[in-house]
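Asker: below are the sequence and a predicted model for it; my questions follow.
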Amino acid sequence: MVQTYTSPIRVYKTPFEFVMAAYEKRFPTCKMIPIFVGSEITSEITSEDKAVTVIERRCKLNVDAPYLLRKIAGVEFVYFIQKNTLDRRRRTLVIEAWNESFASRLVIRETCKYSVHPDNDDWTCFEQDAHLEIKSFFGFENAVEKLAIKQYMANIVKGKEVIDHYIQELIDEGVTHIPRFVPTGITEDSALDQSGIEDEITLSSLNHMALGATASSMTMDKRIHRDSLYKLDADYIHRCLGDLDPVEESRIVELKQWLQEHHKEKIPSDAHLLRFLRARGFNVEKGREMLCRSLIWRKQHQIDRLLKSWHPPDVLKTFFPGGWMDGYDDGGRPVFVLRLGNLDVKGVLRSIGVDGMLKLAITICEEGLVKCEEATRVQQRPVSYWACIFDLEGLSMRHLWRPGLKVLYRIIEVFEANYPETMGRVFLVRCPRVFPILWTLVSPFIDENTRKKFIIYGGEDHQQPEGGLTEYLDGKSIPKFLGGDAECGFPEGGIIPRSHYLPDDLAEMESGIDSISINSESLYQSVSLIKDSYHEVPVIVHDAGTVITYDFDVCKGDCIFTVLFTTSAVKIPSSTPPASPALQTSISVIHPDLKLKEVVRPIPCSDGSSEQGTHVADKAGTYILQWKGVDPTASTAVHSQFSFDFGLTSPPKCKVMYHYDVLTQDEFRGSLSSVQSFSSLSMA
């Protein structure tokens with residue numbers, strides 16, 4: 001088990017010499033750090049010119065460990081060795097510490113450095129690195145690791161407070177200035193005049209000093225110089241990234257260091273790195289892996305150029321009912337609104353193809369990142385997320401068109417992989433009765449942390465004074481159609497005319513950003529019917545309240561669809577499980593003992609029809625989805641304009657492509673009480 005910590009740079013707006021005086025007041029013990037019982041100096045060496053001093057201390061700590069662990073370890077206190085190398089000429093203090101107790105079982109090493117701020121001689125920087133490796137500890141390795149991390153993080157938070165406290169104590173004592181180190185024979189003014197010239201420490205002046213201390217100091221200096229390329233200022237983190245705990249600060253520094261050393265392309269912004277770390281629980285290895293995959297994806301598909309190179313087609317400018325609002329939510333987040341119920345999913349997909357759908361979704365995400373950066377600048381505080389309002393009024397089973405859902409799954413996959421931790425809050429408003437079905441189909445593909453950010457309103461609940469939208473957004477950020485004051489600069493949506501559709505062959509050939517096939521054959525099962533033949537699919541339902549959803553397209557000819565029910569088990573020979581082949585006679589005729597009854601009234605479907613529906617099973621038993629081929633003249637007259645003339649040489653055929661799902665109470669996240677059986681055509 002190995003744990004590491006790398007701090008951001010913490011800045012004291014106080015001269016180095018003043019900070020050193022405050023630091024020395026921590027010894028031999030510090031009342032502000034209860035676990036620091038005391039310390040004793042074991043060695044002290046100073047160079048001949050008094051410029052460099054190396055002090056080694058043995059420090060005694062009273063670690064707050066469980067009684068059982070103390071008993072097994074057989075100790076009341078633990079001891080650490082601390083070596084401080086103070087170079088007054090270079091104005092640096094390097095602190096090295098390691099554990100003396102249990103040295104054979106665990107390794108704890110810490111290196112810290114105080115140095116002059118590179119841009120201001122009167123400011124002091126502090127940074128630290130730590131390493132913890134537990135080899136074995138009487139079977140309590142995990143407990144010891146957690147305890148060590150807890151104690152260390154608490155001391156990190158306390159460390160800056162301690163120095164600030166002693167700086168103020170010096171001021172209260174009347175100390176306002178501590179002179180810089182001046183070598184013998186040189187006045188302080190002369191030393192200041194030569195502050196830009198770095199004096200070399202000769203080996204002869206350190207002949208009687210420990211070689212290890214000198215080598216360590218030089219190594220630390222080189223490391224600090226290299227690390228300055230990726231180090232982050234703690235004040236910058238607080239101002240631009242938000243309030244992070246010491247571990248989180250360390251992880252973003254580590255990730256940026258790795259990218260600096262291994263990534264040859266432009267390094268993403270710190271806010272971008274933070275999103276990937278958050279998505280992986282600040283596990284640097286997992287966050288780095290996720291980030292690298294995303295960077296490759298962005299490069300392959302030239303995502304950085306998308307906002308400039310891709311322009312929405314005219315059909316989107318006319319029919320896409322979504323866009324960004326001018327205001328923010330209560331957290332300062334940009335707000336995106338989509339009237340999903342008014343969106344013609346099938347029309348959009350058939351008009352711009354899969355490539356266009358993906359580019360549209362990615363463009364919205366890229367715009368969100370830009371708007372977060374703008375909000376950060378305007379509000380002078382970190383804004384990493386945006387909010388979304390989805391108006392679901394008008395949502396119906398036509399929105400559950402399977403090719404559209406498959407593209408939606410792909411969009412969610414792209415979003416989760418490349419835009420993590422960008423969704424701050426999601427409002428689902430005016431949810432209709434079919435919403436539970438859509439939520440069940442979509443929610444498993446949404447990250448658990450993202451699902452927790454959803455706020456759902458049915459009916460007009462979003463307009464309630466308590467708990468409504470106004471609790472989260474100003475009225476100027478709420479669209480008028482939802483009861484707010486904001487004007488929307490985007491279309492209302494509506495059905496897209498077929499004249500905008502891409503040619504079928506072009507739609508199938510569309511390729512682009514990880515394009516996916518929308519070939520219906522791969523999504524549906526298909527069957528051909530002649531007049532008076534049947535295709536029947538038995539669906540076993542074990543519990544009342546189970547929901548059966550179906551979605552089918554009539555590609556040629558006419559048919560009649562219905563759903564039958566029996567309490568008996570039904571076995572139908574199948575060539576394409578679980579469905580039967582087309583049969584000349586219905587199972588109800590073959591097995592009259594089943595006592596089948598219709599639970600969905602027959603629905604006539606003509607060439608070109610697209611049917612989506614749901615049936616809530618009120619009893620356990622077998623439900624049979626049935627399609628019956630009919631003569632075109634026998635179907636409803638209102639659909640006759642879609643019929644083909646097959647001539648007299650062959651009997652008319654009907655081709656149906658279908659898909660169905662069964663949603664049990666256990667699988668559904670929410671209540672099914674508001675869901676009713678209905679179909680899109682029967683409601684038309």
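Answerer: Sure thing, it's come through. Numbers count the residues shown, from 1 in each chain.

Asker: show the pLDDT at the closest residue to residue 474 other than its chain neighbours.
Answerer: Distance criterion CB to CB, 6 or more residues apart in numbering; nearest residue to residue 474, sequence neighbours excluded, is residue 327 at 5.9 Å. (Each C-beta comes from the backbone N, C-alpha and C, glycine too.) If you check residue 327, the pLDDT there is 87.

Asker: go ahead and name everything in contact with the helix or strand harbouring residue 327.
Answerer: Using DSSP states H and E, residue 327 sits within strand 322-328. Residues outside strand 322-328 that contact it (CB atoms under 8 Å, 6 or more residues apart in numbering) are 334-339, 343, 364, 367, 371, 375, 379, 473-474, 476-477, 479, 486, 488-490.

Asker: same thing with stretch 105-117?
Answerer: So stretch 105-117 is contacted by 11, 16, 19-20, 23, 80, 91-99, 123-137, 144, 148, 220, 224 (CB under 8 Å, 6+ apart).

Asker: same check on stretch 490-503?
Answerer: Here stretch 490-503 has contacts from 315, 317-323, 337, 339, 342-344, 347-348, 350-353, 507, 510, using CB under 8 Å, 6+ apart.

Asker: among these, name the buried ones.
Answerer: Buried residues within the contacts of stretch 490-503, defined by neighbour count using 16 or more other CB atoms under 10 Å: 315, 319-323, 337, 339, 342-344, 347-348, 350-353, 507, 510.

Asker: in helices only, show me the residues you listed.
Answerer: Of the buried ones among the contacts of stretch 490-503, the ones assigned to helices by DSSP state H are 315, 319, 347, 348, 350, 351, 352, 353, 507.

Asker: I'd say the fourth one and residue 312 touch.
Answerer: Right, the one you point to is residue 348. No - counting by CB atoms under 8 Å, residue 348 stays clear of residue 312, with 11.0 Å between them.

Asker: between the two, what contacts are shared?
Answerer: With CB under 8 Å, 6+ apart, residue 348 and residue 312 have common neighbours residue 320.

Asker: and residue 540, what element?
Answerer: strand 534-541.

Asker: quick one: buried residues of that strand?
Answerer: Buried residues in strand 534-541, counted by 16+ other CB under 10 Å: 534, 535, 536, 537, 538, 539, 541.

Asker: surely residue 311 is in a strand?
Answerer: No - under DSSP: H, G, I helix; E, B strand; the rest coil, residue 311 sits outside any strand and is assigned coil.

Asker: what's the burial count for it?
Answerer: 11 (other CB atoms under 10 Å).

Asker: how close does the residue nearest to residue 474 get to residue 334?
Answerer: Residue 327 sits at a distance of 9 Å from residue 334 (criterion: CB to CB, to the nearest Å).

Asker: just want to know which of the two has more residues nearby.
Answerer: residue 334 (25 against 16).

Asker: give me the phi and psi for the residue nearest to the more buried one when sequence neighbours are not counted.
Answerer: Using CB to CB, 6+ apart and skipping residues adjacent in sequence, the residue nearest residue 334 is residue 371, 3.9 Å away. Per-residue torsions, residue 371: phi -70, psi -30 (degrees, to the nearest 10).

Asker: so residue 371 makes contact with residue 386?
Answerer: Yes - contact criterion CB under 8 Å: residue 371 and residue 386 qualify, at 6.5 Å.

Asker: okay, and the common contacts of the two?
Answerer: With CB under 8 Å, 6+ apart, residue 371 and residue 386 have common neighbours residue 334.

Asker: okay, these two: which has more neighbours?
Answerer: Neighbour totals were compared for residue 371 and residue 386, and residue 386 leads with 26 against 18 (other CB under 10 Å).

Asker: contacts only, for the residue nearest to residue 334.
Answerer: Residue 371 touches 324, 334, 386, counting by CB under 8 Å, 6+ apart.

Asker: give me the element residue 252 is part of.
Answerer: helix 246-262.

Asker: what's the answer for residue 143, then?
Answerer: helix 141-172.

Asker: and that helix with helix 246-262, angle?
Answerer: Orientation check (axes from the mean of the first three to the mean of the last three CA atoms, to 10 degrees): helix 141-172 against helix 246-262 gives 100 degrees.

Asker: from the chain's centroid, how far away is helix 141-172?
Answerer: Centroid displacement of helix 141-172 relative to its chain, using CA atoms, centre = their mean, to the nearest Å, is 31 Å.

Asker: mind listing the strands for the stretch 451-600 of the chain?
Answerer: 454-458, 525-530, 534-541, 547-556, 558-566, 597-605 (DSSP state E, counting those that start in this stretch).

Asker: I'd like those as CSV, with distance to residue 247 appended.
Answerer: Converted to CSV, the strands of the stretch 451-600 of the chain look like this (distance: least, CB to CB, whole Å):
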stretch, distance to residue 247
strand 454-458, 28
strand 525-530, 52
strand 534-541, 50
strand 547-556, 45
strand 558-566, 56
strand 597-605, 57
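
Asker: so for residue 280, which of those strands sits nearest?
Answerer: Distance to residue 280, taken as CB to CB, is lowest for strand 454-458 among the strands of the stretch 451-600 of the chain, at 21.4 Å.

Asker: what comes into contact with the closest one?
Answerer: Residues contacting strand 454-458 (CB under 8 Å, 6+ apart): 425, 426, 427, 428, 429, 430, 431, 435, 468, 469, 472, 674.

Asker: quick check: the third one touching residue 472?
Answerer: Pointing back at residue 427 there. Yes - using CB under 8 Å, residue 427 is in contact with residue 472, at 7.4 Å.

Asker: please verify my assumption that residue 587 contacts residue 596.
Answerer: Yes - contact criterion CB under 8 Å: residue 587 and residue 596 qualify, at 7.2 Å.

Asker: who touches both of those two?
Answerer: Residues touching both residue 587 and residue 596 by CB under 8 Å, 6+ apart: residue 624.

Asker: quote the end-to-end distance of stretch 390-403.
Answerer: One end of stretch 390-403 to the other measures 21 Å (CA to CA, to the nearest Å).

Asker: thought residue 56 was touching residue 85, still the case?
Answerer: No - using CB under 8 Å as the test, residue 85 is too far from residue 56 to be in contact (9.9 Å).

Asker: the two: who's more crowded?
Answerer: Ranked by neighbour count (other CB under 10 Å), residue 85 and residue 56 place residue 85 first, with 24 against 17.

Asker: quick one: the more buried one is in a strand?
Answerer: Yes - counting by three-state DSSP, residue 85 is part of a strand.

Asker: tell me the spacing between it and residue 152.
Answerer: 22 Å.

Asker: picking up where we left off before, just the buried members of the contacts of stretch 105-117?
Answerer: Listed as buried from the contacts of stretch 105-117 are 11, 16, 19-20, 23, 80, 91-97, 99, 123-130, 132, 134, 137, 144, 148, 220, 224; burial here means 16+ other CB under 10 Å.

Asker: so which of the residues you listed are in strands?
Answerer: If you go by DSSP state E, the buried ones among the contacts of stretch 105-117 have 11, 80, 92-97, 99, 123-130, 132, 134 in strands.

Asker: and the most centrally placed residue in the chain, helix, strand or coil?
Answerer: With distances taken as CA atoms, centre = their mean, the residue of the chain nearest its centroid is residue 420 (2.7 Å). Per three-state DSSP, the secondary structure class of residue 420 is coil.

Asker: wait, it touches residue 279, no?
Answerer: Yes - counting by CB under 8 Å, residue 279 is a contact partner of residue 420 at 3.4 Å.

Asker: quick check: neighbours shared by those two?
Answerer: By CB under 8 Å, 6+ apart, the residues touching both residue 420 and residue 279 are 290, 447.

Asker: returning to what we had before: and the strands of the stretch 451-600 of the chain: which comes nearest residue 238?
Answerer: strand 454-458 (28.7 Å).

Asker: could you give the mean pLDDT of that closest one?
Answerer: 88.

Asker: given it, what are its sheet partners and their directions?
Answerer: Applying DSSP bridges, strand 454-458 is found paired with strand 423-431 (parallel).

Asker: and the contacts of the partner strand?
Answerer: 329, 331, 333, 341, 384-393, 395, 435, 450, 453-460, 462, 469, 472, 482.

Asker: any idea which helix or strand of this protein has the worst average confidence?
Answerer: helix 211-227 (a mean of 38; mean pLDDT, DSSP states H and E).
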